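Coordinates for the following, if possible.
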Amino acid sequence: MRALYLTHPQVTIDPDIAVPHWGLSPEGRARAEAFAARGVVPAHAVVFASEERKALELATIVSSDRDVRIDPALGENDRSATGYLPGDRFEAMADRFFAAPELSAEGWERALDAQARIVAAVTRALASVASERPVVFCGHGAVGTLLKCHIGGRAIARSEDQSRHGHPGGGNCFAFTLEPPQLGSDWRAMEDAAPGWFS
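Take a look at the predicted model:
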């Protein structure tokens, strides 16, 4: 497997701050630092991240001070139409997002559009890096799930989401290749990723 998709772990939730500006919580940062310390990411890897703060913080931790390449197209599905939603309300909206990918749930970006965006961004990123170099994508759960569904030839469904397979606080990953499309695994917690898993 050439690439690793890694979602940000726990964040500090603040309803008064726009979601894209939330940063990692102390617990999330500690998990990311422990992941980086285990050497899962090869020294010659290239790290890409969305421009959202939590993804950038994760990328900075796992990149071992290497340059991080930022692409806004790697961002989470656009939920700005509703802004922050409390837990139960958010989960209900996420169910709608995955259940009807061709529809917009109260102004959210459609799952089909978010999937096309993330697939194009990952394809573009991999094409920009020499084929012998592994690539890490630091991103988000919903678009990561949409990417996983595309690579695995699976229908978009909430059952594919990281919350159903990995750590409930985020900080999950899967290895993959695009040529040909192949998943190295389903979601797994970052704690369960080992050196040599991808390269």
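
wait, what's in contact with residue 15?
residue 84 (CB atoms under 8 Å, 6 or more residues apart in numbering). C-beta: built from backbone N, CA, C; applies to glycine.

Tell me the secondary structure at it.
The assignment at residue 15 comes out as coil when based on DSSP: H, G, I helix; E, B strand; the rest coil.

Mind listing the strands the longest strand anywhere in the chain pairs with, and their directions?
The longest strand of the chain (DSSP state E) is strand 172-178. Strand 172-178 pairs in its sheet with strand 3-7 (antiparallel), strand 181-183 (antiparallel), strand 188-189 (antiparallel), by DSSP bridges.

mind putting these in CSV, mean neighbour count, distance to residue 107 and mean pLDDT included?
CSV is the format used below for these (neighbours: other CB atoms under 10 Å; distance: least, CB to CB, whole Å; pLDDT from 0 to 100):
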stretch, mean neighbour count, distance to residue 107, mean pLDDT
strand 3-7, 26, 24, 98
strand 181-183, 14, 31, 96
strand 188-189, 18, 32, 96
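
List the buried residues in the longest strand of the chain.
Across strand 172-178, burial judged by 16 or more other CB atoms under 10 Å covers 172, 173, 174, 175, 176, 178.

Repeat that for stretch 22-31.
When burial is assessed from 16+ other CB under 10 Å, stretch 22-31 yields the following buried residues: 22, 23, 24, 25, 28, 29, 31.

Now the last one: closest residue in space, sequence neighbours ignored.
Counting by CB to CB, 6 or more residues apart in numbering, residue 9 is the residue found nearest to residue 31 once chain neighbours are left out, at 4.5 Å.

can you give me the helices in the protein?
26-37, 53-62, 87-99, 111-127, 141-152 (DSSP state H).

Adding distance to residue 105 and mean pLDDT as columns, could you present those helices in CSV?
Formatted as CSV, the helices of the chain follow (distance: least, CB to CB, whole Å; pLDDT from 0 to 100):
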stretch, distance to residue 105, mean pLDDT
helix 26-37, 26, 97
helix 53-62, 22, 97
helix 87-99, 4, 96
helix 111-127, 9, 98
helix 141-152, 12, 98
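
possible to save the ones you listed as TSV with distance to residue 4?
Formatted as TSV, the helices of the chain follow (distance: least, CB to CB, whole Å):
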stretch	distance to residue 4
helix 26-37	11
helix 53-62	9
helix 87-99	23
helix 111-127	11
helix 141-152	11
